[in-house]
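Asks: Let's see this in three dimensions:
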Amino acid sequence: MARLQARDIAQAVGGELQGDENRFVEGAAGLEEAGEHQISFFHNLKYSDALNRTKAGVVVIPEKTNGLTLPEGKTWIRVSNPQGAFAQILGLLGKDRQRPPQGIHPQSSIDPKAQMGATVGVGAFVVIEAGAVIGSGTVLYPGCYIGANSHVGENCILYPNVTLREDVEVGSRVIIHVGAVLGADGYGFATQNGQHHKIPQIGRVVVEDDVEIGANVTIDRATTGETCVGAGTKIDNLVHIAHNVRIGRHCLIVAQVGISGSTRIGNNVTLAGQVGVAGHLTIGDGAVIAAQSGIMNNVKPGEVLFGSPARPHRQAMKLQAIYGKLPEIYDALKLLKRKFGL
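Replies: Predicted coordinates for the structure are as follows:
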């Protein structure tokens with residue numbers, strides 16, 4: 001891990017430094033776990049006790065701390081967005097940890113009809129089929145498979161064992177984590193006389209710019225047309241996106257979400273962990289679906305839903321409170337029935 005001085009960190013994040021500018025940092029941790037030569041961040045007054053106890057040598061804090069007394073003997077970096085600055089700092093500290101493939105590994109297999117951009121890194125046992133295009137600056141870690149006529153844009157990172165089947169299009173600056181599969185057949189079958197017959201899946205997958213796709217995510221190709229993930233969307237691990245789904249821009253799709261076929265997700269939508277979405281639905285822009293909710297109907301823009309079936313969040317929380325009182329309510333009802341001879 002890189003070793004950085006406080007003054008260099010402050011300069012990198014555009015922060016105001018208070019304290020020893022020569023103090024060095026060689027790691028990062030939370031306020032409770034950080035040691036003398038680690039950096040942490042503070043962004044919420046509810047963590048004030050942890051701030052007073054922290055052993056971190058350098059702490060990133062907000063520009064305004066509302067009169068909070070800061071412990072002595074530390075170096076402080078004031079910024080407008082501590083969490084965002086801390087993310088930048090983690091990148092600086094971890095830049096030497098990853099050693100991406102450089103050049104073309106001799107144990108890779110690249111079809112002569114594939115097109116390779118400048119400064120592409122291709123690891124061992126990567127397979128690139130005919131007609132595939134790999135953009136400049138893109139890195140393919142060992143074991144990746146790029147199917148025929150698939151396109152990967154510039155400055156992408158595909159970690160080990162990512163699979164793009166044929167006719168998959170990936171934009172620029174996309175990150176795809178270990179084991180993700182894009183372009184597997186959608187789950188399409190026609191039932192006749194009690195037997196299930198496969199419906200050929202001849203569409204494709206399109207992933208726009210600046211998307212991040214977590215480990216072991218599966219995005220199915222369309223039956224016809226496209227399964228699409230909009231620019232800037234971030235997808236967590238273990239998410240399944242079915243055929244012909246269209247996801248808008250800048251969405252957050254958290255772990256173990258399942259989205260059924262032909263559903264439309266608007267822009268800036270959040271689907272929290274383990275949300276399930278039925279097929280052929282529309283979820284409007286800016287909607288937020290709380291964890292473990294089941295979506296059975298269309299969702300209006302900006303709605304906040306929870307539960308299965310999902311309801312408006314406030315209503316769902318009231319129902320949860322009532323469920324906990326049901327035994328008490330039932331006992332009271334039995335007494336009333338006994339009293340009135342019902």
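Asks: same question for the biggest helix by length in the chain, mean pLDDT?
Replies: Counting residues, the longest helix found in the chain (DSSP state H) is helix 313-339. Averaging pLDDT along helix 313-339 yields 85.
Asks: And it, how far out from the chain middle?
Replies: Helix 313-339 sits 39 Å away from the centroid of its parent chain (Cα atoms, centre = their mean, to the nearest Å).
Asks: shaky segments in the stretch 1-150 of the chain?
Replies: 1 (pLDDT under 70).
Asks: what do you get if the cut-off is 80, keeping everything else the same?
Replies: Applying pLDDT under 80 to the stretch 1-150 of the chain flags the ranges 1-2, 66-67, 95-99.
Asks: how about the strands in it?
Replies: Secondary structure of the stretch 1-150 of the chain by DSSP state E, counting those that start in this stretch: the strands cover 4-5, 16-18, 24-25, 39-41, 58-62, 75-79, 109-110, 115-116, 121-122, 127-128, 133-134, 139-140, 145-146.
Asks: Summarise which helices and strands the last one is packed against.
Replies: I take that to be strand 145-146. Secondary-structure packing of strand 145-146 (3 or more Cβ pairs under 8 Å, 6 or more residues apart in numbering; DSSP states H and E): strand 127-128, strand 163-164. C-beta: built from backbone N, CA, C; applies to glycine.
Asks: please redo it, this time with the cut-off set to 7 Å
Replies: In this structure, strand 145-146 makes packing contacts with strand 163-164, judged by 3 or more Cβ pairs under 7 Å, 6 or more residues apart in numbering; DSSP states H and E.
Asks: Ok, which of the strands of the stretch 1-150 of the chain comes nearest Ala290?
Replies: Among the strands of the stretch 1-150 of the chain, the nearest to Ala290 by Cβ to Cβ is strand 39-41 (26.6 Å).
Asks: Any idea how far that closest one is from the middle of the chain?
Replies: The answer for strand 39-41 is 23 Å, by Cα atoms, centre = their mean.
Asks: now what about that strand, what contacts it?
Replies: By Cβ atoms under 7 Å, 6 or more residues apart in numbering, the list of residues contacting strand 39-41 from outside reads 9, 25, 28-31, 34, 54, 56, 58-60, 82-83, 86, 89.
Asks: Let's see which of these end up in helices.
Replies: Among the contacts of strand 39-41, DSSP H puts 9, 82-83, 86, 89 in helices.
Asks: of all these, which two lie farthest apart?
Replies: It's Ile9 and Gln83 that sit farthest apart of these, by Cβ to Cβ, at 15.1 Å.
Asks: any low-confidence regions in the stretch 201-342 of the chain?
Replies: For the stretch 201-342 of the chain (pLDDT under 80), the answer is 341-342.
Asks: hang on, the earlier thing: looking at the contacts of strand 39-41, which is nearest Pro71?
Replies: Thr54 (7.6 Å).
Asks: Contact partners for the nearest residue to the closest one once chain neighbours are set aside?
Replies: Closest residue to Thr54 apart from its sequence neighbours, by Cβ to Cβ, 6 or more residues apart in numbering: Leu31 at 4.3 Å. Neighbouring residues of Leu31 by Cβ under 7 Å, 6+ apart: 40, 42, 47, 50-51, 54, 56.
Asks: May I ask which two of those are separated the most?
Replies: Across the contacts of Leu31, no pair lies farther apart than Tyr47 and Ala56, at 12.2 Å, counting by Cβ to Cβ.
Asks: Looking at those two, which is more packed in?
Replies: Taking neighbours as other Cβ atoms under 10 Å, Tyr47 and Ala56 compare with Ala56 leading, 28 against 15.
Asks: residues in contact with the nearest residue to that one once chain neighbours are set aside?
Replies: Closest residue in space to Ala56, ignoring its immediate chain neighbours: Ala34 at 3.6 Å, by Cβ to Cβ, 6+ apart. Listed by Cβ under 7 Å, 6+ apart, the contact partners of Ala34 are 40, 54-56.
Asks: And the buried ones among those residues, selectable in PyMOL?
Replies: A single PyMOL command selects the buried members of these (16 or more other Cβ atoms under 10 Å):
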select buried, resi 40+54+55+56
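Asks: ok, the contacts of Ala34 vs Pro142, which is closest?
Replies: Within the contacts of Ala34, the smallest distance to Pro142 is 34.5 Å, found for Ser40 (Cβ to Cβ).
Asks: which strand residues sit across from that closest one in the sheet?
Replies: As for beta bridges, Ser40 partners with Val59 under DSSP bridges.
Asks: Counting neighbours, what do you get for the residue lying closest to Pro301 once chain neighbours are set aside?
Replies: Once flanking residues are discounted, Pro301 sits nearest to Gly284: 3.2 Å by Cβ to Cβ, 6+ apart. If you count neighbours by other Cβ under 10 Å, Gly284 ends up with 17.
Asks: before we move on, what about Gln5?
Replies: Neighbour number of Gln5 under other Cβ under 10 Å is 16.
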